[in-house]
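Trainee: Sharing a model prediction with you, sequence too.
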Amino acid sequence: MMNSTYALSAILIMAAVTALLRFIPFLVMGNRKTPAYVEYLGKVLPYAVMAMLVVYCLKGVDFTVAPFGVCEFISVGVVVGIHVWKRNTLLSIVLGTLCYMLLIRIM
């Protein structure tokens, strides 16, 4: 059984390492200008990650068994529609997830 001192020290060490890893780029780069390729990656990677997540989430959809992926595609439509309407990523993901959970319960 783990005692609370051990657990607290492990949490503090993990927090310190995480903070250090986040501070290192600022310490190394200083006030220098960000390289062009890093700015490019900062612009394109969020879209690439979202595309990979969509593919990952929809890879298991079976079009041969009822409801033929209807729940998934309605939920994707909700996410896209709310995001286009409100431009709020968190809101669109939460409402799309709620829509999906509701649809798989009733279908």
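Mentor: Happy to help now that I have it. Numbering: from 1, shown residues only.
Trainee: mind giving me the domain ranges of this structure?
Mentor: Using automatic domain parsing, the domain ranges for the chain come out as 1-30, 33-106.
Trainee: quick one, what contacts residue 72?
Mentor: Counting by C-beta atoms under 8 Å, 6 or more residues apart in numbering, residue 72 touches 57-58, 61, 100. Where C-beta positions appear, they are placed from N, C-alpha and C, glycine not excepted.
Trainee: which stretches of the chain have low pLDDT?
Mentor: Scanning the chain for pLDDT under 70 picks out 1.
Trainee: Where is the longest helix in it?
Mentor: helix 4-29 (DSSP state H).
Trainee: What segments of this protein are helices?
Mentor: Using DSSP H, helices in the chain cover 4-29, 36-58, 70-86, 89-106.
Trainee: on contacts alone, who are the packing partners of the second one?
Mentor: Just to be clear, that refers to helix 36-58. Helix 36-58 makes packing contacts with helix 70-86 when contacts are defined by 3 or more C-beta pairs under 8 Å, 6 or more residues apart in numbering; DSSP states H and E.
Trainee: what's the angle from the helix it packs on to helix 36-58?
Mentor: Angle of helix 70-86 versus helix 36-58, following axes from the mean of the first three to the mean of the last three C-alpha atoms, to 10 degrees, is 140 degrees.
Trainee: roughly how far is helix 70-86 from the heart of the chain?
Mentor: Offset of helix 70-86 from its chain centre (C-alpha atoms, centre = their mean, to the nearest Å): 16 Å.
Trainee: Please apply the same query to stretch 45-59.
Mentor: 9 Å.
Trainee: same question, stretch 68-87
Mentor: Mean-position distance between stretch 68-87 and its chain equals 16 Å (C-alpha atoms, centre = their mean).
Trainee: and if you look at stretch 52-61?
Mentor: Worked out by C-alpha atoms, centre = their mean, stretch 52-61 lies 13 Å from the chain centre.
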